[in-house]
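[1] the following block contains a protein sequence and its predicted model.
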Amino acid sequence: AQTVTQSQPEMSVQEAETVTLSCTYDTSESDYYLFWYKQPPSRQMILVIRQEAYKQQNATENRFSVNFQKAAKSFSLKISDSQLGDAAMYFCAYRTTWGGSQGNLIFGKGTKLSVKP
Amino acid sequence: DTGVSQNPRHKITKRGQNVTFRCDPISEHNRLYWYRQTLGQGPEFLTYFQNEAQLEKSRLLSDRFSAERPKGSFSTLEIQRTEQGDSAMYLCASSPSLISGNTIYFGEGSWLTVV
């Protein structure tokens, strides 16, 4: 079974600085998808960025980028120029591409990010 | 696009009572998912539908839980004989017909407190 681990329960960053959130996962599959979701205090989960495992190029979305290391099964999220609105819980998630579990996102426990003004 | 809508947003119930949550997915999304999230944890998968067909159920979905999506549009999640351990946020999500990698969109969740 696949698992997702986020080893940082809480992180803090100064406004305008850069922060990196860590995520590791375990799978025996070669093809899959990885996601970072943001959950602000209002509790609605919002997709931040997505990475296809077969793509070697790291995904980037504006101030958000990932460092995807497939062999190491690592998927970290870098937030540049941090803003107060980035404060939230961040969840790393895995999804298989095979079989009946295609709809099943497997989440880590999350990292609570605080942004200091 | 009005997003995934869930109601009620909060429900307090006495142990042993039945509760029902409703989810309205984004229109034309034929996949619908239910997740459960407890404090300090990431969401855990419960079940999902492709149109009206329930394709997968987690072992977390005990016999007291039942989910339906009768016409392939909205869905309900019913919990019978609630227990204190059922206290959690129940998240609904939807996505277009699954081409691997399609984004799954979440609602704001329904908080359940069992007293």
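    Yep, that arrived.

[2] pLDDT score assigned to the nearest residue to B:Gln41 once chain neighbours are set aside?
    Spatial nearest neighbour of B:Gln41, chain neighbours left out: A:Lys109 (5.8 Å); criterion: Cβ to Cβ, 6 or more residues apart in numbering or on different chains. All C-beta atoms are positioned from the backbone trio N, CA, C, and that covers glycine. At A:Lys109, the pLDDT value in this model is 95.

[3] ditto for A:Arg95
    pLDDT, read off for A:Arg95, is 89.

[4] quick one, what contacts residue 71?
    You didn't say which chain, so I picked chain A. By Cβ atoms under 8 Å, 6 or more residues apart in numbering or on different chains, the contact set of A:Ala71 is empty.

[5] looking at chain B here, not the other one
    Counting by Cβ under 8 Å, 6+ apart, B:Lys71 makes contact with B:Glu52.

[6] helix or strand for it, which one?
    For B:Lys71, there is no host helix or strand (DSSP states H and E).

[7] from chain A, how far out is it?
    19 Å (Cβ to the nearest Cβ, to the nearest Å).

[8] phi and psi next, for that residue.
    Backbone torsions of B:Lys71, given as degrees, to the nearest 10, read phi -120, psi 20.

[9] out of everything not next to it in sequence, what's closest to the residue of chain A found nearest chain B?
    Per Cβ to the nearest Cβ, A:Phe107 is where chain A lies closest to chain B, at 3.1 Å. Leaving out its chain neighbours, the residue that sits closest to A:Phe107 by Cβ to Cβ, 6+ apart is B:Gly42, at 3.1 Å.

[10] what do you get for B:Lys57?
    B:Thr47 is the one closest to B:Lys57 (Cβ to Cβ, 6+ apart), at 4.7 Å.

[11] who's in contact with the one you found?
    Here B:Thr47 is in contact with B:33-34, B:54, B:56-58, B:61, B:67 (Cβ under 8 Å, 6+ apart).

[12] now swap in B:Leu77 and tell me
    Applying Cβ under 8 Å, 6+ apart, we find B:Leu77 in contact with B:20-21, B:23, B:34, B:46, B:65-67, B:90, B:92.
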